[in-house]
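>>> Give me the fold of what follows.
(4 chains)
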Number of protein chains: 4
Amino acid sequence: MFQTEIQLRVRYADTDQMGYVYYGNYATYYEVARVEAFRQLGYAYKKLEEEGVMMPVIELKTQFHLPAKYDDLLTIKVRIPKFPKTLIRYEYEIFNEAGQKVNTGETTLVFINMKTNRPTRVPQVMRDLLAPFY
Amino acid sequence: MFQTEIQLRVRYADTDQMGYVYYGNYATYYEVARVEAFRQLGYAYKKLEEEGVMMPVIELKTQFHLPAKYDDLLTIKVRIPKFPKTLIRYEYEIFNEAGQKVNTGETTLVFINMKTNRPTRVPQVMRDLLAPFY
Amino acid sequence: MFQTEIQLRVRYADTDQMGYVYYGNYATYYEVARVEAFRQLGYAYKKLEEEGVMMPVIELKTQFHLPAKYDDLLTIKVRIPKFPKTLIRYEYEIFNEAGQKVNTGETTLVFINMKTNRPTRVPQVMRDLLAPFY
Amino acid sequence: MFQTEIQLRVRYADTDQMGYVYYGNYATYYEVARVEAFRQLGYAYKKLEEEGVMMPVIELKTQFHLPAKYDDLLTIKVRIPKFPKTLIRYEYEIFNEAGQKVNTGETTLVFINMKTNRPTRVPQVMRDLLAPFY
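Residues are numbered from 1 along each chain as shown, chains lettered A, B, ... in the order given. Alright, predicted model coming up:
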């Protein structure tokens, strides 16, 4: 299974008047985590779109265990539990600097051929990058 | 069961380079829907915080059926399926102007006493507002 | 001179941990104001892009006089001080419900031909809509 | 004069349907730049708030020269042109990986005593950090 982790600093813009990270911003944190995960494998998601495939999210689930706060340096553990076929699922766990788990989430994405605007299989380049882990 | 609907216009800021509403922004749409739902009952969530109770989200689930797009006038149907005790769950369905369902979601929120920073029961004012519907 | 006003409710997502609207979000409020201003004239900015012209912002200035707060119903006065040629400048004043001016701003936008990716003159449809006011 | 630079990766969430960074998001980039600038001096802005002083922005000016795009690794040069007394002004220049200047901006911030909610002088800790540069 492919898994890795990235770090991310909470911005002032991310907070709300509770003094917590606004709950919708975790979706952005997940985006950063999955993009950086592929960059660690040597691949920029940007290239995928340049080659005519985009990856919209079709499902998002999030559980908020503890508030993340301004300036927290978060660690996001991200994994792809199964080798993807037409869908790709990412799972995330977010920890604060004290090692407390603040958030658990998952996203499911689909591959869309940007010319036909229809679902397509996982591009070969991603299959090749992920194959060694499964 | 209490249910209602609100309308909301997609902003340019909400879009991403796919030309879709960025997936994290639906959380904001849900927030607007649940706040406006209570305003329709005559109650501003703002008052709840002024009285020392806040409502962080502890769980979010979203399914993205079709892209919402710039300038779409969305209809958000929101309902509270069960009379709340310590948690309150909202369910959402979002439709575009063509009547297509673009998104389904749910959020679960908890009531926090802002002085003790601990969970508390549903405030009486909300119980009174919701009671007639259950 | 064309001028009008629109109303907009501050969302929880717009606030930061100071309990104020985060300063970057006023740019979004300006966007809503200028789009709704043209809608009041009977024109949707969306159509402009469908016809191949987009309007990126090239300059933004903002002065923050007083904090806007969660759930404030803001009134945004927007005007186009001069009949536009190649640039269009909007000026904004934002007031809270107590009638206090919370923010003053201006944005300058340019018209870009989406095929050539180069500046173009004000589209005829916008000239026709604005002409009666100058 | 104190000046430094930081790097920041454009997120998908930052883009809009033009395929550019949405113009309001530069305010967030400036925030990150000024916070990281002080962190480089050994000081976390978070501490300032914990000690009862916050720094709202009172003026923002931005010029957009070229679009920043998804996944660009931006370099933000930030400087404090004058030793601050009651206001602190930051100037920013943002460059893309090709070395092109995409954006120029400035923000002016004030120091607010969070107890009295009134302006206060620059805290001694910031004066001490900045003094060697002026």
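
>>> Let me know the distance separating the closest residue to residue A:39 other than its chain neighbours from residue C:117.
If the residues on either side of it in the chain are set aside, residue A:39 comes closest to residue A:45, at 8.0 Å by CB to CB, 6 or more residues apart in numbering or on different chains. Any C-beta I mention is one placed from the backbone N, CA and C, and that applies to glycine too. Using CB to CB, to the nearest Å, we find residue A:45 at a distance of 24 Å from residue C:117.

>>> When the two are compared, which one has more neighbours?
residue A:45 (21 against 9; other CB atoms under 10 Å in any protein chain shown).

>>> ok, now which ones touch that one?
By CB atoms under 8 Å, 6 or more residues apart in numbering or on different chains, residue A:45 lies in contact with A:34-35, A:38-39, A:55, D:71.

>>> Closest one of those residues to chain C?
residue D:71 (19.0 Å; CB to the nearest CB).

>>> Neighbours of the closest one, how many?
Neighbour count of residue D:71, defined by other CB under 10 Å: 17.

>>> any idea which element it lies in?
For residue D:71, there is no enclosing helix or strand under DSSP states H and E.

>>> Look up the closest residue to it, ignoring the ones flanking it.
Closest to residue D:71 by CB to CB, 6+ apart is residue A:46, at 4.2 Å.

>>> wait, is that neighbour part of a strand?
No. With DSSP: H, G, I helix; E, B strand; the rest coil as the criterion, residue A:46 is assigned helix and is not in a strand.

>>> Verify the stated contact: it with residue D:70.
Yes. Using CB atoms under 8 Å, residue A:46 is in contact with residue D:70, at 6.1 Å.

>>> what sits against the closest residue to residue A:111 other than its chain neighbours?
For residue A:111, ignoring the flanking residues on the chain, the nearest one in space by CB to CB, 6+ apart is residue A:120 at 5.0 Å. By CB under 8 Å, 6+ apart, the residues touching residue A:120 are A:53, A:86, A:111-113.

>>> Residue A:93 reaches residue A:104, doesn't it?
Yes. Look at residue A:93 against residue A:104 with CB under 8 Å: they come within range, at 5.5 Å.

>>> Next, the contact list for the most far-flung residue of chain A relative to its centre, please.
Centroid-distance maximum for chain A: residue A:17 at 25.8 Å, with CA atoms, centre = their mean. Residue A:17 sits next to B:49, C:12, C:15-19, C:70 when contact means CB under 8 Å, 6+ apart.

>>> With respect to chain D, which of those is nearest?
residue C:18 (5.7 Å).

>>> tell me the SS of that closest one?
coil.

>>> Run through the residues that contact it.
A:17, C:67, D:54, D:56.

>>> make it 10 Å
A:12, A:15, A:17, A:19, C:67, C:69, D:49, D:54-56, D:112, D:114 (CB atoms under 10 Å, 6 or more residues apart in numbering or on different chains).

>>> ok, so what distance separates it from residue A:69?
14 Å.

>>> Could you pull out the residues contacting both of those two?
Contacts common to residue C:18 and residue A:69, judged by CB under 10 Å, 6+ apart, are A:15, A:19.

>>> Can you tell me which residues in chain A are near chain B?
Within chain A, the residues that sit near chain B (CB under 10 Å from any CB of the partner chain) are A:16-20, A:22-31, A:49, A:54-65, A:67, A:104-110, A:112, A:114, A:117.

>>> Make a ChimeraX selection of the buried ones in those residues.
This is the ChimeraX syntax for the buried subset of the residues of chain A next to chain B, where burial follows 16 or more other CB atoms under 10 Å in any protein chain shown:
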select /A:16,17,18,20,22,23,24,25,26,27,28,29,30,31,49,54,55,57,58,59,60,61,62,63,64,67,104,105,106,107,108,109,110,112
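
>>> Mind checking which of the residues of chain A next to chain B land in helices?
The members of these that map onto helices under DSSP state H are A:26-31, A:49.

>>> near chain D too, which of those?
Answer for those near chain D (CB under 10 Å from any CB): A:27-29, A:31, A:49.

>>> hmm, back to that, can you tell me how far the residue nearest to residue A:111 is from residue A:55?
Distance from residue A:120 to residue A:55, by CB to CB: 10 Å.

>>> Same question for residue A:116.
Distance from residue A:116 to residue A:55, by CB to CB: 15 Å.

>>> Mind listing the shared neighbours of residue A:93 and residue A:104?
Counting by CB under 10 Å, 6+ apart, the residues touching both residue A:93 and residue A:104 are A:65, A:77.

>>> rewinding a little: looking at the contacts of residue A:120, which are in strands?
The strands, defined by DSSP state E, take in A:53, A:112-113 from the contacts of residue A:120.

>>> and of those residues, the nearest to chain C?
Once CB to the nearest CB is applied, the member of the ones in strands among the contacts of residue A:120 that ends up nearest chain C is residue A:112, at 21.1 Å.

>>> residues in contact with the closest one?
Per CB under 10 Å, 6+ apart, neighbours of residue A:112: A:52-56, A:118-120, B:18.

>>> okay, it: pLDDT?
Here, the pLDDT recorded for residue A:112 equals 95.

>>> all strands in chain A, in order from the N-terminus.
Going by DSSP E, chain A shows strands at A:2-9, A:53-54, A:57-64, A:73-80, A:87-95, A:101-110, A:112-113, A:118-119.

>>> Just want the angle from the fourth one to strand A:87-95.
Direction vectors for strand A:73-80 and strand A:87-95, defined by axes from the mean of the first three to the mean of the last three CA atoms, to 10 degrees, enclose an angle of 150 degrees.

>>> what's the distance between strand A:73-80 and the middle of its chain?
Remark: strand A:73-80 is offset 8 Å from the chain centroid, using CA atoms, centre = their mean, to the nearest Å.

>>> what lines up beside that strand in the sheet?
Strand A:73-80 has its sheet partners listed here by DSSP bridges as strand A:2-9 (antiparallel), strand A:87-95 (antiparallel).

>>> average pLDDT for the longest one?
This means strand A:87-95. 98.

>>> in it, what's buried?
Of the residues in strand A:87-95, those buried (16+ other CB under 10 Å) are A:88, A:90-95.
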